[in-house]
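Enquirer: this is a predicted model, with the sequence first.
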Amino acid sequence: MKTLFDKIWEAHVVSTVQDGPTQLYIDRMYCHEVTSPQAFDGLRNRGLKVFRPSQITCIPDHNIPTINQEAPIADPISKKQVDTLERNTKEFGLTHYHMGHEKNGIIHVVGPENGLSLPGMTMVCGDSHTSTHGALGAVAFGIGTSEVEMVLATQCVFQSRPKTMRLNFHGRLKAGVTSKDLALYVIAKMTTGGATGYFVEYAGEAIRAMSMEERLTVCNLSIEMGARGGMIAPDEVTFDYIKGREFAPKGAEWDAAVEKWKALKSDEGATFDKEIDFDATDIEPMVTYGTNPGMGMGINESIPTLESIDEAGRISFAKSLEYMGFNAGEKMLGKSIDYVFLGSCTNGRIEDFRQFTEYVKGKKKADHVIAWLVPGSWAVDKQIKAEGLDKILTEAGFELRQPGCSACLAMNDDKVPAGKYAVSTSNRNFEGRQGPGARTILAGPLVAAAAAVNGCITDPRA
Amino acid sequence: MGELEGANMEKFITLTSTVVPLPIENVDTDQIIPARFLKATSKDGFGDNLFRDWRYDKNDQPIASFVLNNPTYNGEILVAGKNFGSGSSREHAAWAIAGYGFKVVVSSFFADIFKNNAMNNFVLPVVVSEEFLAEIFDGVNANPAITLTINLEEQIITNNSNGKSESFQINPYKKECFVKGLDDIDYLISKKDMIERYEIARV
């Protein structure tokens, strides 16, 4: 009787150090420009080659500008980092989807959409949102640069085996409630460190009813409650999504793969170290009011009062509200906002653009709101145009930018100015995350669309 | 395990030091080192920007109220509120802490990825109970000169202001790495034949 996690993990154990960590084999590693240069330097210093080059895919995404990608990157330091990745991929013989390449985009969008990420795999990247790929039924997690170097050198990492947790969602999400809302709801319940030390499996009717892209959003946010990763057992939704994608198995290999993937589920009666049940019908559209993703609430609720917070946490809570310019106990509804960001590895996929467009169709963007609409990849951009969503967006006063991580962490020029409020479909509302002094309110694509049109926090169902 | 020579490889057995207190919970790695400072392609210089936006204002002037700018507090041990190092996997956070000169971070709870990154840079994360942590904060509040002693061999942390000790966990393999100044990559490279056998067996 094994959990889904146990099955995949155990199939990848090369050895276990006595009283120490597990040597885990990695099927695929993704590298971006920010967390890899020191790892490649490490290889050079040790005089090593990349052990399994065909299992590494390199994509610059964090520093990429979202306008004028045709021109060289203007910021010389960003340019150097992006150029360094290209040089390293040439020197070590690795696949590289450079800026402007048709397969360029955010790693966690590009991997699944090309069939590079598949059920049953172990996957890593020097990026905590690698948990995204677990939605396909895989063990995928973020690592540090020393560990990137380990994988480049040996295709293995040393990891302590995490504990397992299953989160069951009974019932279905209500109309107007997105998978992002479900994730923000769970993080608020669990707190930002509540799943630390665990690998989480999401299960239940609400999860089964989700499309593949909705599942990717849920797993993406696993790290925001501290989880090592998140995963969902593959099913017909998964197989339909993968079939025909460029690097997915084809013909007889496809049939054999699906047969194998069908066994990737937690056995009846398998025990988890922790199991928690939620009622999906309790979930409302969510917003965050503070400076970590666990500080979230239903859009019609009020910010907690100071007295309702544990004594040890009050300093942090007060500091957080002071940064945000909010008062304990007050409502978020109707608060004026300045920026809207649709995009990131959390909500930069075609379904997110469809939801946003559906809401703003026939309406107009509020004049004072600056909106950044950033597709997660060139493939998403192409699909937006094929469906004519770009025309509807233009009529409503929006413009589309070019793909990249963009304002999620503001390593490029897409920075929210100090003191300004941004409703963002990204994953982190940490102090300064979207620019020094920027104030981030995390939400799903529908709440973001309603904020863009009304210029303030609005329930998209109203 | 083969010996490796490198700038970061410092052997660690015991340490007694004054502490720098940071009684904030959920300190995320974006605070430890903001994203705009992640553009370097080497591991050097991150210590200068440790806690950048809490430490300096927008005109790059030190913010007097922040603990790193307060000459009363110094030492090689950072003591922080629970869930330290959450968020982004950036190892730059560990490089910043090591680069600033901290050898140990004490908290009641660490985020997973940060903990691995810290250990891979020979910064020891020491997990203590909530009570023990509160007593350190109270102690250093009353007297900034108090010291902690970390004995890695015995896995004991002592608050020298009240004489109380607690044992802390570290797996024996990692402890040996710390004590001998070894890193994982050497060990993994020595296992390459085993990796190749694994690859053949799974096909």
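Expert: Arrived safely, thanks for sending.
Enquirer: can you name the residues in contact with the helix ranked longest in chain A?
Expert: For chain A, the longest helix by residue count, based on DSSP state H, is helix A:76-92. Residues from elsewhere that reach helix A:76-92 (Cβ atoms under 8 Å, 6 or more residues apart in numbering or on different chains): A:31-34, A:36-37, A:40, A:43, A:49-50, A:53, A:58, A:60, A:63-64, A:72-73, A:94-96, A:98-99, A:152, A:411-412, B:39-41. (C-beta placed from N, C-alpha, C; glycine too.)
Enquirer: ok, then the element right after it?
Expert: strand A:95-96 (DSSP states H and E).
Enquirer: what does the very next helix or strand once past that following strand contact?
Expert: The C-terminal neighbour of strand A:95-96 among helices and strands, as given by DSSP H and E, is helix A:107-113. For helix A:107-113, contacts defined as Cβ under 8 Å, 6+ apart pick out A:28, A:30, A:32, A:57, A:59, A:61, A:97, A:103-104, A:116-117, A:123, A:125, A:127, A:129-130, A:132-133, A:135-136, A:212, A:216, A:220, A:241, A:245, A:345, A:348-349, A:376-377, A:379-380.
Enquirer: from the contacts of helix A:76-92, which ones fall inside helices?
Expert: A:P37, A:F40, A:L43, A:L152.
Enquirer: of these, which pair is most distant in space?
Expert: Among the ones in helices among the contacts of helix A:76-92, the pair separated by the greatest distance (Cβ to Cβ) is A:P37 and A:L152, at 11.8 Å.
Enquirer: neighbour count winner among the two?
Expert: A:L152 (26 against 23; other Cβ atoms under 10 Å in any protein chain shown).
Enquirer: buried members of the contacts of helix A:76-92 into PyMOL, please.
Expert: Only the buried members of those enter the following PyMOL selection, criterion being 16 or more other Cβ atoms under 10 Å in any protein chain shown:
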select buried, (chain A and resi 31+32+33+34+36+37+40+43+50+58+60+63+64+73+94+96+98+99+152+411+412) or (chain B and resi 39+40+41)
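Enquirer: can you list the domains in chain A?
Expert: For chain A, automatic domain parsing gives the domain ranges A:1-284, A:286-454.
Enquirer: and B:S17, which of the three is it?
Expert: strand (DSSP: H, G, I helix; E, B strand; the rest coil).
Enquirer: can you count the residues close to it?
Expert: Neighbours around B:S17, by other Cβ under 10 Å: 16.
Enquirer: I figured it was touching B:L78, is that so?
Expert: No - using Cβ atoms under 8 Å, B:S17 is not in contact with B:L78, being 10.1 Å away.
Enquirer: for B:E176, which non-adjacent residue is closest in space?
Expert: Nearest residue to B:E176, sequence neighbours excluded (Cβ to Cβ, 6 or more residues apart in numbering or on different chains): B:L182, at 7.1 Å.
Enquirer: quick check: that neighbour touching B:Y173?
Expert: No - between B:L182 and B:Y173 there is no contact, the gap being 9.7 Å when judged by Cβ under 8 Å.
Enquirer: got a pLDDT number for the closest residue to A:K103 other than its chain neighbours?
Expert: Spatially, and ignoring its direct neighbours in sequence, A:K103 is nearest to A:Y97 (4.3 Å; Cβ to Cβ, 6+ apart). As predicted, A:Y97 sits at a pLDDT of 98.
Enquirer: and A:Y97, how far from chain B?
Expert: 20 Å (Cβ to the nearest Cβ, to the nearest Å).
Enquirer: what sits against that residue?
Expert: So A:Y97 contacts A:T57, A:C58, A:I59, A:K103, A:N104, A:G105, A:V110 (Cβ under 8 Å, 6+ apart).
Enquirer: at 6 Å what do you get?
Expert: Neighbouring residues of A:Y97 by Cβ atoms under 6 Å, 6 or more residues apart in numbering or on different chains: A:I59, A:K103, A:N104.
Enquirer: could you point out which of the residues you listed is nearest to chain B?
Expert: Nearest to chain B among the contacts of A:Y97 is A:I59, at 16.3 Å by Cβ to the nearest Cβ.
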